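> Build the 3D model from these lines:
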Amino acid sequence: MSVKPTTENTLFYGDNLKIIRNSIADESVDLIYLDPPFNSNASYNVLFKAPDGIQSPAQVEAFDDTWHWTEAAEQAFDDVMQSGNSNASEMLRAMRVLLGTNDMMAYLTMMAVRLLELRRVLKSTGSLYLHCDPTASHYLKILLDAIFGKWQFGNEIIWKRTSAKGLAFTRFAKNHDVIFRYTKSDKWIWNPSYKAHDKSYVENFYTKVDEETGRIFTLDNLINPNKNRPNLKYEFLGVTRVWRWTKQRMERAYEEGLVIQTREGSVPRLKRFLDEQEGTPVDDIWTDIRPIQSQSKEGLGYPTQKPVALLERILSASSNEGDIVLDPFCGCGTTLHAAAKLNRKSIGIDITHLAIGLIQRRLKDSFPTLPLNIVGVPKDVGGARALALSDKYEFQKWALSMIEAQPYKGGKKGGDGGVDGYLYFKPDGKKTEKAIVSVKGGTSLNPAMIKDLIVTVEQEDAKMGVFLTLEPPTKGMITQAASAGIYKTDYGSFPKIQIITVEQLFEETSPLRMPWQDKSGFKKAAREEAVQPEMDL
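Sure, this is the predicted structure:
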């Protein structure tokens, strides 16, 4: 297998299994975080229902995270059997005997073949974090044990993603996700993490104020819990104990005013200042990182979006500045965002153009100067034509992303009634109106298509229509579009129906003529400043 060198700060469009196999080198990644899509809201029993008849190959649609047993799942199963990892193949084979060929088994099989590849690209000092929920966490833990080795299990982290809510009257409320941490060897990158002390803890224990500086402190114990340390047993300020420190160190701390005796004959104690404490060590129950709320400034409208703080904690703990972080299911790009913020390099992979477009906008808004290489996305008309031939739905979503239009119903397949997407604009700078977008990737074009768009615009109570086409329009189409007339506003007049070609999408200036285009449908990510690396003086 020929594997190309790892490309840094790269966003790939496509099947992550193929990309990892063909584009990421052995032991080239320092940290992997993955939050694989799964329909955890489905009935648990439905997941174990065998499929009826032959199904077409599964595709992961935007926001549609159900996996099915198909030919692709069968091929993935065979790949694991031939992987050379006997623990993984035997475990997956046993799972299939237990579960049968259903959605759950398809999910586990697709994950197993990918986890094998992820282990290959992970450095010996690297860590893998797998984010899931309790629906399949127990099965994933068994797979991870088989692939990485049970002795490489580091943590099962519980992240409280929401507060208790409905259905608590029939069961305990479900409000947490699970994050598994595995390492590849006995030596791994680790940077201890701390969180702020609990307010009640500070109020109860840090009750003293230094008269000279006004700093808050508490008095801490200096007695050694190990009594069998004769070398540390000595008299200090009239008190004989087995101390934590040597006598020399104790005397130095006393001279510095850090060791005090509150009254004659009492046991000396250490002044521990609050502002010198790193905080409380982070454990494996995370309740201090809030999920993305509907009104959160951080929210971009992506249903499974994770907070940047969650990824910052993971990246800070298991990677260093300049390290390479990989997210093979990067969704809306939170991992890439956190990596840029913490001066890590990143590799992201996603199978939908909707996600790729969202990530591009997010990183451009937050880090305008961040270099980012996009791979697998059309760079010219030829690339767009190849995409249209291979997958008309992905071509449609790609084309919509190029004009920053919102896909109809999130880009899911199905009847669209002539609507592929929406463009929003504000003709008066205040009230938001919409334009209907129709995308055509075929070669057969005729004026009736424009006529249909005009009818759809009227039926949808839209103000304008955009016909986005791969091939050049016919003269009759241009004439039909012109017959729709002009949309007049106080800020100018605009063709009511506009025909845009894919070739025009690659021009420097936008071919669209829109009044006050309103991009609020795509929430703009806040501008960020990357953490600057410390310089040796």
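
> low-confidence ranges in the stretch 201-350 of the chain?
292-304 (pLDDT under 70).

> For the strand ranked longest in the chain, which strands pair with it and how are they oriented?
Determined from DSSP state E, the single longest strand within the chain is strand 122-132. Strand 122-132 sits in its sheet next to strand 29-34 (parallel), strand 176-183 (antiparallel), going by DSSP bridges.

> out of these, deepest packed?
With neighbours defined as mean count of other CB atoms under 10 Å, those peak in mean count at strand 29-34, which reaches a mean of 25. From N, CA and C alone the C-beta is placed, and that goes for glycine too.

> What average pLDDT does it get?
In this model, strand 29-34 has a mean pLDDT of 98.

> What are the contacting residues of that strand?
6, 118, 121-123, 125-131, 189, 311, 314-315, 318-320, 323-329, 335, 344, 347 (CB atoms under 8 Å, 6 or more residues apart in numbering).

> tell me the SS of residue 338?
Assigned by DSSP: H, G, I helix; E, B strand; the rest coil, the conformation of residue 338 is helix.

> picking that back up, and the longest strand of the chain, how far out from the chain's middle?
Distance of strand 122-132 from the chain centroid (CA atoms, centre = their mean, to the nearest Å) equals 15 Å.

> Flag every buried residue along the helix or strand following it.
Using DSSP states H and E, the helix or strand that directly follows strand 122-132 along the chain is helix 137-148. In terms of neighbour count (16 or more other CB atoms under 10 Å), helix 137-148 has its buried residues at 137, 139, 140, 141, 142, 143, 144, 145, 146, 147, 148.

> related to what we said a few turns ago, quick one: contacts of the longest strand of the chain?
The contact list for strand 122-132, computed with CB under 8 Å, 6+ apart, reads 27-36, 38, 115, 118-119, 140, 144, 148, 154, 177-185, 187-189, 306, 314, 318-319.

> does the residue lying closest to residue 230 once chain neighbours are set aside sit in a helix, a strand or a coil?
Excluding its sequence neighbours, the residue lying closest to residue 230 (CB to CB, 6 or more residues apart in numbering) is residue 242, at 8.0 Å. Following three-state DSSP, we place residue 242 in the strand state.

> Compute the number of surrounding residues for residue 242.
16 (other CB atoms under 10 Å).

> That one against residue 221, yeah?
No. Using CB atoms under 8 Å, residue 242 is not in contact with residue 221; the gap is 12.0 Å.

> so what's in contact with those two at the same time?
Common neighbours of residue 242 and residue 221 are not found (criterion: CB under 8 Å, 6+ apart).

> Got phi/psi on the closest residue to residue 506 other than its chain neighbours?
Of all residues not flanking residue 506 in the chain, residue 380 sits nearest, at 6.3 Å (CB to CB, 6+ apart). Dihedral pair for residue 380: phi -160, psi -180, per degrees, to the nearest 10.

> coming back round to it: between the strands paired with strand 122-132, which gets nearest to residue 235?
strand 176-183 (47.1 Å; CB to CB).

> So for that closest one, mean pLDDT?
Average pLDDT, strand 176-183: 96.

> Please shift the residue numbers so they start at 262 in all later answers.
Sounds good: first residue 262 from here, last item strand 437-444.

> Which other helices and strands does the following helix or strand past it contact?
Using DSSP H and E, the helix or strand that follows strand 437-444 in sequence is strand 455-456. In this structure, strand 455-456 makes packing contacts with strand 541-542, judged by 3 or more CB pairs under 8 Å, 6 or more residues apart in numbering; DSSP states H and E.

> and the nearest residue to residue 402 once chain neighbours are set aside, how far is that from residue 584?
Distances taken as CB to CB, 6+ apart place residue 441 nearest to residue 402, at 6.2 Å, with adjacent residues excluded. Residue 441 is 20 Å from residue 584, where distance means CB to CB, to the nearest Å.
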